[in-house]
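# here is my input, please return the structure:
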Amino acid sequence: MAENPGNNGRIDDNRSLIDSLVNWWEIAGVADAVQEQGRDWSSEIVPVLAQPDEAVPARPPVTSGDAPRPRKTATPEAPARQHDVMASMPGDLDAFRGWWMGDPALNAPYANGPRIAPSGTSGAKFMLVADMPEQDDRDMLMSGRAGRLLDRMLGAAGLARDSVYVASLLPWRALDAHPVRANLALWMTVLERHIQLAAPQKLIILGQNDIMARVRNNLPQNAKNLLFVNHASGQIEPLASHHPRTMLTNPALKAANWTDWRALAREAMG
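Sure, this is the predicted structure:
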């Protein structure tokens, strides 16, 4: 039977569409199927209907006593707790790191998981600040999958991990962003002391979500100056890099960020 050129054209169009969809999901970070059993997506979809003896009963009317309660909103920590945190903060880096890992003043009801230690030494060329530890971090920040990408980013900039100080706004992962926003003033106070004691030459904010944007905008002026790199014609804009976790799910961001990091390293070391 002779081939129909029109059918070939439709087949090629379908293949292009399938390739486009697969590429889109790969960029989104979806690499594996999430069902153990295969599914025939071309089969007819049969709606599941309630049987007569399984009829859903009518929902009774809501009375004033049964009305849903309004959703609770996160509130800032009590002044007494803020005072305890600020009063207990040590004045040297080694003591601060021990306090960060064990002092009960940093406990919070929205904490989720263990505290993770920062890494690096005082006076590092760069201090990297993330929002919180990663789910697969163990002994120190950025020790999991995102950390391995960070190491490659540092290598692209001609830097080694031991030449940077890695810190986070929170010592543990948070259950919800709402209480973090409500208590940002408290955590900013802790971060400012951390920056003061680590004494880096430059700051890099990892992450461009709303919390890290507020961190960047609310740093004291002397810390904001650390965000700038001297340039022959003045100063370049501060570097607020995408977090490595974001680049893992959106690989298209990697090239642009590596370019920025190489430029930053040239400026800082030139």
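
# from here on, just use CA atoms for contacts and neighbour counts.
Will do.

# going along the chain, name the strands of the stretch 51-200 of the chain.
Here the stretch 51-200 of the chain has its strands, by DSSP state E, counting those that start in this stretch, at 111-112, 126-130, 164-168, 173-174.

# which one of those lies closest to residue 139?
strand 164-168 (12.8 Å; Cα to Cα).

# go through the closest one and flag the buried ones.
Buried positions in strand 164-168, judged by neighbour count with 16 or more other Cα atoms under 10 Å: 164-168.

# just stretch 85-102 next, same as before
Buried residues in stretch 85-102, defined by neighbour count with 16+ other Cα under 10 Å: 85, 89-90, 93, 96-97, 99-101.

# repeat for stretch 257-264
257-258, 260-262, 264.

# contacting residues for residue 167?
117-119, 127-130, 141 (Cα atoms under 8 Å, 6 or more residues apart in numbering).

# let me know the pLDDT of residue 166.
Note on residue 166: pLDDT of 97.

# quick check: beta-bridge partners of it?
residue 119, residue 128 (DSSP bridges).

# quick one: residues contacting it.
118-120, 127-130, 141-142.

# ok, of those, which one's closest to residue 201?
Checking these one by one against residue 201 (Cα to Cα), the nearest turns out to be residue 127, at 7.7 Å.

# my guess is the closest one meets residue 161, correct?
No: with contact taken as Cα atoms under 8 Å, residue 127 and residue 161 are classed as non-touching, separated by 10.8 Å.

# when those two are compared, which one has more neighbours?
residue 127 (27 against 16; other Cα atoms under 10 Å).

# how many neighbours does residue 210 have?
Residue 210, neighbours per other Cα under 10 Å, totals 11.

# please apply the same query to residue 109.
8.

# with the one 4 residues further on instead?
Residues within reach of residue 113, counting by other Cα under 10 Å, total 13.

# distance check, it against residue 174.
8 Å (Cα to Cα, to the nearest Å).

# next one: residue 138
16 Å.

# more neighbours: which of those two?
residue 174 (19 against 15).

# tell me the pLDDT at the closest residue to the more buried one other than its chain neighbours?
Using Cα to Cα, 6 or more residues apart in numbering and skipping the chain neighbours, the partner closest in space to residue 174 is residue 111 (4.8 Å). Looking at residue 111, its pLDDT is 95.

# now do residue 46
42.

# and residue 181, by the same measure?
93.

# nearest residue to it other than its sequence neighbours?
Per Cα to Cα, 6+ apart, closest to residue 181 is residue 211, 6.6 Å.

# now that neighbour: phi and psi?
phi -70, psi -50 (degrees, to the nearest 10).

# what about it, neighbour count?
Look at residue 211: counted by other Cα under 10 Å, it has 17 neighbours.

# show me what contacts it?
By Cα under 8 Å, 6+ apart, the contact set of residue 211 is 131, 180-181.

# one step back: tabulate the buried residues of stretch 85-102 in CSV, adding columns for pLDDT and distance to residue 252.
Below are the buried residues of stretch 85-102 laid out as CSV (pLDDT from 0 to 100; distance: Cα to Cα, whole Å):
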residue, pLDDT, distance to residue 252
85, 89, 41
89, 95, 41
90, 95, 42
93, 96, 37
96, 97, 38
97, 97, 35
99, 97, 39
100, 97, 35
101, 97, 35
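
# how about these, which pair is most distant?
85 and 93 (16.0 Å).

# pLDDT below threshold where in the stretch 151-270 of the chain?
Within the stretch 151-270 of the chain, the stretches with pLDDT under 70 are 228-239, 264-265, 267-270.

# dump the buried residues of strand 164-168 to TSV, plus distance to residue 105.
Listed next are the buried residues of strand 164-168 as TSV, based on distance: Cα to Cα, whole Å:
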residue	distance to residue 105
164	27
165	24
166	22
167	18
168	17
